[in-house]
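Asker: what's the 3D shape of this:
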Amino acid sequence: MAATLFAIYFLVMILVGPWAAKKMNKKDSGDFILAGRAVPTWLVTGGIVATLINSATLLGYGGSGFSLGISGYFASLGFVVCLMWMGYWFIPRLRRTNITTIPELFERFFGWPHRLVSTILVICRDLGVTAGAAIGMAVVFRSVFDISLDLALVITLAVTLAFTILGGMWAVMITDTIQAAIILIGTTLLIPLGIAYIGGWTEFVNLIPATHIDVWNAGESQTIAWIIAGALTCLGYQTLIQRGLSAESDEVARKSFRNGGLIAIAWYMVPFLIGTLAVVIFPTISPSEAFISMTSLFGSIGGLIFSVIIVASCISTLSSTVLTTASNISLDVYKRLINPDASEKTTVLVTRISIVVVAIAGTLIGRSLPYILELLLTGGRIMAASLTPVLLALIFWKTARKAYISTILAMIIGAVGTVIGIIIGNQAAGSAGGEVVFVWSLDPIFMGLPFTLIVLIFGTLIETRMRENKLLKPEKKIS
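Answerer: The predicted structure follows:
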């Protein structure tokens, strides 16, 4: 039964690849990476929702709900609230630049050094998500078929890569939308089923530990850090931004981000409620087992269906992030620094090869780190504390576009400060988050973000004033 169900599901995903490839009329890199900027509202919305739901949001946030209760919701709140703002004010401005990747925008203003630094920072986030999705997907697949983790990784990665390499963004958007519908319906149904198993809502409320209904259970500092990190991560998250860039119009992008934000704000409560239900029903399990343990309540068939849901969430996110990172490698590194005269056919080929390389790299990272949710948050913190403030400044602060030195220093110093915070702070991190996430005594984003803002704001003001007074020579773009 399990083999048949997964075989059918995987076959559908694989068949989407060649079908989506037929929709690529121009067959160039823009068509492959952004679906020719012609994606309708329902597919963009589905892509946004599926991008937000992965192994971290199911297994990770479910485990966070088990350990921390409702306070863990703040780890996602800043992220999902920003979605709607992005659709109305941020994405339309980026669409008018006609860029394909975020680093491309940095070069428009400053040159290739900024593009290279921003490429590294963008990849930090996507590699973390890729790692979490890959390992989460394999863990579930292994538990269903009782095979080695490495074999599970090979099988699930092969399916993901098959349709992504063939169909590019069209394949990703179509499969994302299918999987988003499965995930939303399936996981939401798990809540009333779990409450009914306990004996009803009143019984459930009476059995919830007091700590799990305390919104500040993780601590005020950590809660605020989660909100800030979530918001800044969302604003610099290239996978999401490329969803908006692939929309067929500004209006489609606005509607899609509005719809995605509304859905996400409501749905992100689901994994935390599932984790809280697991505390009541399975108080002795480990946090990482919360979601899977809940699915076991509904027999072998029910558990199998929910296993498919988890794998679907991972595949949707994995396909998105590997395509995004591959576009950075092919456009921001290969075509910009290695072979500027590369043809569109060659660029697409390099993108396809990069998809495989990125998937393997993310998998290896995931195998080396046990914290599913922390994988996602760590890369996000580095990017959020360094690249995002500078990106926002370029879009909304014209003066920053003249600050060549300050903008690149802000990104580098902010990233280094955050990494140092992760290394040093790791020793002081609390264990209240269980096996899925750290609860920091001082979140690493507070180590990097202040330096980024100080260098960016004051550096820009000083640098531009000195140029006006001709104390500095005008910076020339390095082409």
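Asker: Could you point out the helix or strand that follows the worst-scoring helix or strand of the chain on mean pLDDT?
Answerer: Counting by mean pLDDT, DSSP states H and E, the chain has its least confident helix or strand at helix 55, which shows a mean of 64. Downstream of helix 55, the next assigned helix or strand under DSSP states H and E is helix 61-68.
Asker: okay, the nearest residue to Phe298 once chain neighbours are set aside: pLDDT?
Answerer: Nearest non-adjacent residue to Phe298, counting by C-beta to C-beta, 6 or more residues apart in numbering: Leu193, 6.4 Å away. (Each C-beta comes from the backbone N, C-alpha and C, glycine too.) At Leu193, the predicted lDDT confidence score is 88.
Asker: In the stretch 251-400 of the chain, where is pLDDT below threshold?
Answerer: 368-376 (pLDDT under 70).
Asker: For Tyr268, grab the count of nearby residues.
Answerer: 20 (other C-beta atoms under 10 Å).
Asker: shouldn't it be in contact with Gly72?
Answerer: No: using C-beta atoms under 8 Å, Tyr268 is not in contact with Gly72, being 10.0 Å away.
Asker: In which helix or strand does the residue most central in space within the chain reside?
Answerer: Residue closest to the mean C-alpha point of the chain, counted by C-alpha atoms, centre = their mean, is Val129 at 5.3 Å. For Val129, the host element (DSSP H and E) is helix 112-145.
Asker: Next secondary structure after that helix?
Answerer: helix 149-198.
Asker: quick one, what contacts Ala359?
Answerer: For Ala359, the contact set (C-beta atoms under 8 Å, 6 or more residues apart in numbering) comprises 130, 134, 157, 160-161, 318, 322.
Asker: at 6 Å what do you get?
Answerer: Applying C-beta atoms under 6 Å, 6 or more residues apart in numbering, one finds that Ala359 lies in contact with 157, 161, 322.
Asker: in what helix or strand does the nearest residue to Ala359 once chain neighbours are set aside lie?
Answerer: Excluding the flanking residues, the one nearest Ala359 by C-beta to C-beta, 6+ apart is Val322, at 4.9 Å. Per DSSP H and E: Val322 is located in helix 299-327.
Asker: The following helix or strand past that helix versus helix 299-327: what angle between them?
Answerer: Note on helix 299-327: by DSSP H and E, the next helix or strand toward the C-terminus is helix 344-368. Put simply, helix 344-368 runs at 130 degrees to helix 299-327, going by axes from the mean of the first three to the mean of the last three C-alpha atoms, to 10 degrees.
Asker: Show me what counts as buried in helix 344-368.
Answerer: Residues 347-348, 350-352, 354-355, 358-363, 365-366 are the ones in helix 344-368 that count as buried (16 or more other C-beta atoms under 10 Å).
Asker: With stretch 393-407 instead?
Answerer: 393-395, 400-407.
Asker: Mind putting those into JSON lines with secondary structure and distance to Val333?
Answerer: JSON lines is the format used below for the buried residues of stretch 393-407 (DSSP: H, G, I helix; E, B strand; the rest coil; distance: C-beta to C-beta, whole Å):
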{"residue": "Ala393", "secondary structure": "helix", "distance to Val333": "24"}
{"residue": "Leu394", "secondary structure": "helix", "distance to Val333": "21"}
{"residue": "Ile395", "secondary structure": "helix", "distance to Val333": "23"}
{"residue": "Ala400", "secondary structure": "helix", "distance to Val333": "25"}
{"residue": "Arg401", "secondary structure": "helix", "distance to Val333": "24"}
{"residue": "Lys402", "secondary structure": "helix", "distance to Val333": "26"}
{"residue": "Ala403", "secondary structure": "coil", "distance to Val333": "25"}
{"residue": "Tyr404", "secondary structure": "helix", "distance to Val333": "21"}
{"residue": "Ile405", "secondary structure": "helix", "distance to Val333": "23"}
{"residue": "Ser406", "secondary structure": "helix", "distance to Val333": "24"}
{"residue": "Thr407", "secondary structure": "helix", "distance to Val333": "20"}
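Asker: And those, which two are furthest apart?
Answerer: Spatial extent of the buried residues of stretch 393-407 (C-beta to C-beta) is set by the pair Ile395 and Ile405 at 19.5 Å.
Asker: wait, what's in contact with the residue nearest to Ala359?
Answerer: Counted by C-beta under 6 Å, 6+ apart, Val322 has contacts 130, 355, 358-359.
Asker: ok, now Leu68?
Answerer: Contacts of Leu68 (C-beta under 6 Å, 6+ apart): 217-218.
Asker: residues contacting Gln222?
Answerer: Gln222 touches 439, 443, counting by C-beta under 6 Å, 6+ apart.
Asker: Would you quantify the distance from it to Gly459?
Answerer: As judged by C-beta to C-beta, to the nearest Å, Gln222 and Gly459 stand 29 Å apart.
Asker: hmm, back to that, out of the buried residues of helix 344-368, the closest to Phe282 would be?
Answerer: Distances from Phe282 to the buried residues of helix 344-368, taken by C-beta to C-beta, are shortest for Gly366, at 25.0 Å.
Asker: for stretch 317-324, the distance to its chain's centre please.
Answerer: In terms of C-alpha atoms, centre = their mean, to the nearest Å, the gap separating the centre of stretch 317-324 from the centre of its chain is 9 Å.
Asker: swap in stretch 311-329?
Answerer: The answer for stretch 311-329 is 9 Å, by C-alpha atoms, centre = their mean.
Asker: Then stretch 103-113?
Answerer: Per C-alpha atoms, centre = their mean, the centroid offset for stretch 103-113 relative to its chain is 23 Å.
Asker: Stretch 69-76 too?
Answerer: 17 Å.
Asker: If you average the pLDDT over that stretch, what comes out?
Answerer: 76.
Asker: Outside of it itself, list whatever touches it.
Answerer: Residues contacting stretch 69-76 (C-beta under 6 Å, 6+ apart): 64-65, 212-213, 215, 217-218, 223, 226-227, 268, 272, 276.
Asker: let's see it at 8 Å
Answerer: Residues contacting stretch 69-76 (C-beta under 8 Å, 6+ apart): 57, 61, 64-65, 208-209, 211-218, 223, 226-227, 230, 264, 268-269, 272, 275-276, 279, 373, 377, 437.
Asker: out of these, which are buried?
Answerer: 57, 61, 64-65, 212, 217-218, 223, 226-227, 230, 264, 268-269, 272, 275-276, 279, 373, 377, 437.
Asker: Cheers, nothing more for now.
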